[in-house]
Structure formats: structure tokens, C-alpha cells
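Student: one predicted model, sequence on top.
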Amino acid sequence: MTKFTVHTINSAPDDSKEVLKNIEKENGFVPNLYGVMSESPQLLKAYLALGELAQATSFNKEEITVVWQSINVENECHYCVPAHTAIAKSMKVDEQLNQAVVDGKKLDDDKLEALRTFTRAVVAQSGQVDKSAVQDFQDAGYKPQQILEVVLLVGQKTLSNYTNYFAQTPVDKQFK
């Protein structure tokens, strides 16, 4: 398999250096995912932009966590599951909710369970979910807007999940 570099601010391509400096300033460190992504400044910038847009969706912090972790679990991302566990904790999302999604367990909240089930179906079926899955999602209280927002978050997490697969990105100690 191709060897990928986990870049530092100093080793990153010039177009990624300033982005990594801002990430370090905001987080106190440069997560390995960003170090890998910095090889392609366009990928790094796209992922960060989609992350900002993900946070601006109509989903609350629990729903965003359910979607992110459902995608990470469905794609078996060794890096993003622990990273988003730490992110969920920083967002003050109930740890039991996050762990249930990670473990693939049915959620106690019917609406969140519908979101988890729909998101996993979108990923597993490459967006070609059957009409009954869409109807179940909408029957739980979600609107067409949220269908499209799941698509947005799937796009965002696909960038990181696939990057981590190819690069076998080492999990940062902060996420262990």
C-alpha cells in the first residue's frame, strides 16, 4: 500500500501550512488526520469547510453525533470513531448515546434511532435507500432538509473515512 506522510506544519505543502497553524492554534495540536490531508491542500480545506457546514445544519449536537458516528461505524473507520467520541464528549453529548451508536445498538430515543438507521442505510446502500426507509425517516419527524443534511455529513465523513483507510492514519493520543 502507498505510504502516506503525517505532515507537521513544517513539512506540509505551502498551501496547507497556514491552515495547519490555525488548527494547532484552535486545538492545541494538529490531529494526524489533518496532517495526512495536508498533502492535498484542497482536500484539507474541503474537509474543514464541510465540517463548518455540518455544524450549521438543523441537527442538534446529539443528532450530529448520531450521524457522524453512524457513518464512521458503517465505514469501519479506525480513526474517526475514537476521534468523534472525543468530539462528542467535548460537545457534552451523553456518553451512553455515543457508545450505543458505536456499538450498533438500538437507541432508546425513537427519533434518534430513525436517524441512526437511515444514516447507516444511506452509507451502506450508496444513497439508494428504498422508499420505505425514507418514509420511516420522515415518519420519525425528519423533513427533506434533513435527508439532504445527512447527504452533506456523509460527504464530509467520506473524505475522512476514506483518507484514514488509505493512509492508515495513526490515532492521536488525545483520542485514545
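Tutor: Done, it's in.

Student: near residue 45, how many other residues are there?
Tutor: Using other CB atoms under 10 Å, residue 45 has 15 neighbouring residues. C-beta here means a position set from N, CA and C on the backbone, and glycine is covered the same way.

Student: low-confidence ranges in the chain?
Tutor: For the chain, the stretches with pLDDT under 70 are 1.

Student: that one: helices as residue ranges?
Tutor: With DSSP state H applied, the chain shows helices at 14-27, 32-37, 41-55, 61-74, 80-90, 95-102, 110-124, 131-139, 144-167, listed in chain order.

Student: list the helices and strands the second one packs on?
Tutor: Okay, so that is helix 32-37. Identification of packing neighbours for helix 32-37 by 3 or more CB pairs under 8 Å, 6 or more residues apart in numbering; DSSP states H and E yields helix 14-27, helix 41-55, helix 144-167.

Student: nearest to residue 4, of the helices of the chain?
Tutor: If you check each of the helices of the chain against residue 4 by CB to CB, helix 144-167 wins as the nearest, at 3.7 Å.

Student: still on that earlier bit, looking at the helices of the chain, spot the one closest to residue 8.
Tutor: Closest approach to residue 8 among these is made by helix 32-37 (6.6 Å; CB to CB).

Student: distance between that closest one and the chain's centre?
Tutor: On the basis of CA atoms, centre = their mean, to the nearest Å, helix 32-37 is displaced by 14 Å from the centre of the chain it belongs to.

Student: kindly export that helix (C-alpha atoms) in PDB.
Tutor: Only the C-alpha atoms of helix 32-37 are listed here, as PDB (Å, rounded to 0.1, in the frame of the first residue of the first chain):
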ATOM      1  CA  ASN A  32      -3.000  13.200  12.500                       C
ATOM      2  CA  LEU A  33      -5.900  13.200  10.000                       C
ATOM      3  CA  TYR A  34      -5.200  16.900   9.200                       C
ATOM      4  CA  GLY A  35      -1.500  16.100   8.900                       C
ATOM      5  CA  VAL A  36      -2.300  13.400   6.300                       C
ATOM      6  CA  MET A  37      -4.900  15.500   4.500                       C
END
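
Student: in it, what's buried?
Tutor: Buried residues in helix 32-37, defined by neighbour count with 16 or more other CB atoms under 10 Å: 32-37.

Student: and those, which is closest to residue 23?
Tutor: Within the set of the buried residues of helix 32-37, residue 34 lies nearest residue 23; the separation is 5.4 Å, counting by CB to CB.

Student: could you find the closest non-adjacent residue to that closest one?
Tutor: residue 23 (5.4 Å; CB to CB, 6 or more residues apart in numbering).

Student: right, and that neighbour touches residue 32 too?
Tutor: No - using CB atoms under 8 Å, residue 23 is not in contact with residue 32, being 11.4 Å away.
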